[in-house]
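Student: Predicted structure and sequence below. I'll ask about it afterward.
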Amino acid sequence: MCTKTVMGPELIKEAVTRIACEIVARNSQVEDLRIIGVRTRGVHIAERIAVGIKHTAKEKPLIGVVDITLYRDDLRRKSQWPEVKRTNIPFNVDNKTVVLVDDVLYTGRTARAAMEAIMDYGRPDSIQLAVLIDRGLRELPIHADYVGATVDTSAAQTVKVLLEELDGRDEVIVHGE
Amino acid sequence: MSSEEITHILDTSESMKEVSTRDVKKVPVLRGATVVNLFFEPSTRTRSSFEIAEKRLSADVLNFSLSQSSIVKGETLLDTSRNLVAMGASVIVIRHSMSGAPWVLARELNSSIINAGDGSHEHPSQALLDLFTVREIKGDIRGLKVLIVGDILHSRVAGSNIWGFLKLGAEVRVAGPPTMIPSYVEDFGVKVFYNLDEALDGVDVVMMLRIQRERQEGGMFPSLREYSKFYGLTQERLKLTDGDVLVMHPGPINRGVELSSEVADANQSVILDQVANGIAVRMAMLYVVSTGSLS
């Protein structure tokens, strides 16, 4: 078993700042931007990206939170305490540009579920996807518009994103062979 | 149910309540699952509440009531239920006049069974929605003084609520005529009052039970008017409590019997919040029994 740090605090900060700049460059109408983080870690990355957008565009976009539990495609795998946390999208998504934020892009199933959830709130003009890590191995035709870093992994490995807000430090670790 | 399990369902209900605020009030979580509502007693509120909850979770819903079922042709409850399971029902929601009927089904069948009220025994979804409503407004159940007034002996609403509120740390009082209060409730740690004015002192929640006229042939009290005089909640009696007391009722209300019309429509009344919250709580119950392994 080996453990490798693929991003430290500096690299994570750089990645978030770059993603924020790319979002502003691609979407000139910052007032129509809405940032929605996928629970749990996507929420904190979304907040950081929104702060980054404020640095470049002087305006902080509204932020929402999506919980995808009710949209998962693997519910038949039972667990003892099935937990549903709250989705909180305190704005209208109609005709807005939504940037969906998650920590890791892997199979693409979470992104699919999150998009379905957002569509139940209305009809955004477009949905773009921002992730801190793209680890490959997609099972659905989904790609990210903004990527912090791309890491080649195998299915046997796990990718762990640690964030200051939850874990006390910023680090991305890959476990396994 | 343990207090952790109750709290887990209440937390899940909070998330489910949000679904009802969306443009599209539906989530795909029970897509492809068939839920049967098997109601052997008349019920509008509970049955429609379960049906809305099932539809908001995208389940396929089948409604059975006594008059439509083969029970009238002599089929047993167990055989009816086995047939429903053979047709692919993954959850059966049952309301039955016999206490323990849901328990028998749960023991005999592999499907998940939800008790929507059995005889004078339990009405868990009502108690959970009452707990949810109180927790939502008061913040915490622990330490609250909760008074339940009416036919404690025959009420499944009272039965389940006494349990639930005690488990979550509330002080529970009951009030009513001596004929309607079973002697064993004191053993659960419940305080018994025969005088409503005394019982109301310092309470945070007053839950009025419906006088079940259809079950009152046996002469539990001399007349409705007399019951109303001694145990009806009126504006004057409400003044004996703090201003922020919650008035609850499981419905349907007999205006002018257990509850005066003004009290039913007063600011302290959360009766319609209870109904709205019922959908979220039932969604949470359906979700937890379908995807989890809680009993």
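Tutor: Received, thanks.

Student: Which helix or which strand is home to A:I53?
Tutor: helix A:41-57 (DSSP states H and E).

Student: what's the angle from the next helix or strand after that helix to helix A:41-57?
Tutor: Downstream of helix A:41-57, the next assigned helix or strand under DSSP H and E is strand A:62-66. Calculated by axes from the mean of the first three to the mean of the last three C-alpha atoms, to 10 degrees, strand A:62-66 forms an angle of 170 degrees with helix A:41-57.

Student: Show the pLDDT at A:V93.
Tutor: If you check A:V93, the pLDDT there is 95.

Student: quick one: contacts for it?
Tutor: A:V93 is in contact with A:34, A:118, A:121-124, counting by C-beta atoms under 8 Å, 6 or more residues apart in numbering or on different chains. Using the backbone N, CA and C atoms, a C-beta is placed for each residue, glycine as well.

Student: ok but it is inside a strand, no?
Tutor: No. A:V93 is assigned coil when assessed by DSSP: H, G, I helix; E, B strand; the rest coil, not a strand.

Student: Could you report the distance from the most centrally placed residue in chain A to A:E14?
Tutor: In chain A, the residue lying closest to the centroid (C-alpha atoms, centre = their mean) is A:D102, at 1.4 Å. Distance of A:D102 to A:E14, computed by C-beta to C-beta, to the nearest Å: 19 Å.

Student: what's the answer for A:T153, then?
Tutor: Distance of A:T153 to A:E14, given as C-beta to C-beta: 21 Å.

Student: More neighbours: which of those two?
Tutor: Neighbour totals were compared for A:T153 and A:E14, and A:T153 leads with 20 against 13 (other C-beta atoms under 10 Å in any protein chain shown).

Student: Correct me if wrong: the more buried one contacts A:G136.
Tutor: Yes. Using C-beta atoms under 8 Å, A:T153 is in contact with A:G136, at 6.2 Å.

Student: hang on, the earlier thing: quick check: buried residues in the helix holding A:I53?
Tutor: A:41-50, A:52-53, A:57 (16 or more other C-beta atoms under 10 Å in any protein chain shown).

Student: Max pairwise distance over those: which two?
Tutor: Across the buried residues of helix A:41-57, the longest distance by C-beta to C-beta is 24.2 Å; it joins A:R41 and A:A57.

Student: can you pull out the helices in chain A?
Tutor: Counting by DSSP state H, chain A has helices at residues A:9-26, A:41-57, A:109-119, A:164-167.

Student: Kindly export the third one (C-alpha atoms) in CSV.
Tutor: Yep, that's helix A:109-119 we're talking about. What follows is helix A:109-119 as a C-alpha-only set of coordinates in CSV (Å, rounded to 0.1, in the frame of the first residue of the first chain):
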residue,chain,number,x,y,z
ARG,A,109,-22.3,9.4,-11.8
THR,A,110,-22.3,12.1,-9.1
ALA,A,111,-22.2,14.8,-11.7
ARG,A,112,-25.1,13.2,-13.6
ALA,A,113,-27.2,13.0,-10.4
ALA,A,114,-26.4,16.6,-9.4
MET,A,115,-27.4,17.8,-12.9
GLU,A,116,-30.7,16.0,-12.6
ALA,A,117,-31.3,17.5,-9.2
ILE,A,118,-30.6,21.0,-10.5
MET,A,119,-32.9,20.6,-13.4
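
Student: can you tell me the helix or strand for B:A280?
Tutor: Assigned by DSSP H and E, B:A280 falls within helix B:271-291.

Student: what about that helix and chain A, touching?
Tutor: Yes. Using C-beta under 8 Å from any C-beta of the partner chain, we find that helix B:271-291 touches chain A at B:284, B:287-288, B:290-291.

Student: ok, those residues vs chain A, which is closest?
Tutor: The closest of the residues of helix B:271-291 next to chain A to chain A turns out to be B:T291 (C-beta to the nearest C-beta; 4.3 Å).

Student: Looks like the closest one contacts A:V84 (just checking).
Tutor: No. Look at B:T291 against A:V84 with C-beta under 8 Å: they stay out of range, at 9.4 Å.

Student: number of nearby residues for B:I141?
Tutor: When neighbours are counted by other C-beta under 10 Å, B:I141 comes out with 24.

Student: how close does the closest residue to it other than its chain neighbours sit to B:L131?
Tutor: Closest residue to B:I141 apart from its sequence neighbours, by C-beta to C-beta, 6 or more residues apart in numbering or on different chains: B:L168 at 4.0 Å. Going from B:L168 to B:L131 by C-beta to C-beta gives 7 Å.

Student: can you check A:N92 too?
Tutor: Looking at A:N92 against B:L131, where the rule is C-beta to C-beta, the gap reads 33 Å.

Student: Those two: who's more crowded?
Tutor: B:L131 (26 against 12).

Student: any residue of the stretch of helix or strand the more buried one belongs to up close to chain A?
Tutor: For B:L131, the host element (DSSP H and E) is helix B:124-138. No. Under the criterion of C-beta under 8 Å from any C-beta, chain A is not reached by helix B:124-138; the shortest gap measures 13.3 Å.

Student: Just the buried residues of that helix, please?
Tutor: Neighbour-count burial for helix B:124-138 flags B:124-136, B:138 (criterion: 16+ other C-beta under 10 Å).

Student: Check those residues against B:S183 and report the nearest one.
Tutor: B:S183 has its nearest neighbour among these in B:A127, at 22.0 Å by C-beta to C-beta.

Student: didn't the closest one look like it was pressed against B:W163?
Tutor: Yes. Look at B:A127 against B:W163 with C-beta under 8 Å: they come within range, at 7.0 Å.

Student: so where's the chain shaky on pLDDT?
Tutor: In the absence of a named chain, this looks at chain A. A:1, A:75-80 (pLDDT under 70).

Student: not quite, I wanted chain B
Tutor: Ranges of chain B meeting pLDDT under 70: B:68-71, B:214-218, B:293-295.

Student: and it, which of its residues are near chain A?
Tutor: B:8, B:11-12, B:14-16, B:18-19, B:22-24, B:26-29, B:57, B:284, B:287-288, B:290-294.

Student: Out of the residues you listed, list just those in helices.
Tutor: Those of the residues of chain B next to chain A lying in helices (DSSP H): B:8, B:11-12, B:14-16, B:18-19, B:284, B:287-288, B:290-291.

Student: Buried subset of the residues you listed as a PyMOL selection?
Tutor: Buried subset of these, written as a PyMOL selection, criterion 16+ other C-beta under 10 Å:
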select buried, chain B and resi 8+11+12+14+15+16+18+19+284+287+288+290+291
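
Student: what about A:I36, neighbour count?
Tutor: 28.

Student: Who are the contact partners of it?
Tutor: By C-beta under 8 Å, 6+ apart, the contact list for A:I36 reads A:46, A:63-66, A:89, A:98-101, A:114, A:118.

Student: Roughly how far does B:L105 sit from A:A155?
Tutor: B:L105 sits 42 Å away from A:A155, going by C-beta to C-beta.

Student: swap in A:T97?
Tutor: Distance from A:T97 to A:A155, counting by C-beta to C-beta: 33 Å.

Student: if I look at B:V270, how far off is B:H123?
Tutor: 18 Å.

Student: Same drill for the two, tell me which one is more crowded.
Tutor: The neighbour count for B:V270 versus B:H123, taken as other C-beta under 10 Å, is higher for B:H123 (25 against 20).

Student: who's in contact with the closest residue in space to B:S160 that isn't next to it in sequence?
Tutor: Leaving out its chain neighbours, the residue that sits closest to B:S160 by C-beta to C-beta, 6+ apart is B:A127, at 3.5 Å. Neighbouring residues of B:A127 by C-beta under 8 Å, 6+ apart: B:157, B:160-161, B:163-164.
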